[in-house]
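Novice: Model the following, please.
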Amino acid sequence: MEPGPAHRASFVRLASETTDHAYQAKHYLVLIEGEMREAITFHLEGMAEDGEALPEPSGPGVYVELTAA
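Specialist: Next comes the predicted model:
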């Protein structure tokens, strides 16, 4: 493509789409992390209700706090 107004318009359109995709990806990662935290909390609460021993926190993962019910 020859440099000129059409080339600049294509670049601007691509840059805005890339920025939008990055925003959407970050947004979904935040949503997914929230869902994961809820799932882990639900699982640990179920273990506690069943009288099972809770595992010790380990690894580089996400930690959740259980509140006494």
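Novice: Helices along this structure, start to end?
Specialist: Under the criterion DSSP state H, the chain contains helices at 5-49.
Novice: Tell me where the model's unsure across it.
Specialist: Applying pLDDT under 70 to the chain flags the ranges 1-18, 61-64, 66, 68-69.
Novice: let's see it at 90
Specialist: Within the chain, the ranges that satisfy pLDDT under 90 run 1-30, 33-34, 36-37, 40, 55-69.
Novice: List the contacts of P55.
Specialist: Neighbour list for P55: empty [criterion: CB atoms under 8 Å, 6 or more residues apart in numbering]. Any C-beta I mention is one placed from the backbone N, CA and C, and that applies to glycine too.
Novice: cool, D50 as well?
Specialist: With CB under 8 Å, 6+ apart, D50 has no contacts at all.
Novice: What distance do you get for it to L44?
Specialist: Distance of D50 to L44, computed by CB to CB, to the nearest Å: 11 Å.
Novice: Likewise for A53?
Specialist: In terms of CB to CB, A53 sits 11 Å off from L44.
Novice: With K26 instead?
Specialist: 27 Å.
Novice: Which one of these two is surrounded by more residues?
Specialist: L44 (16 against 10; other CB atoms under 10 Å).
Novice: I'd like to know how many residues surround T19.
Specialist: So T19, with other CB under 10 Å, has 10 neighbours.
Novice: Same question for E56.
Specialist: Neighbour count for E56, taken as other CB under 10 Å: 5.
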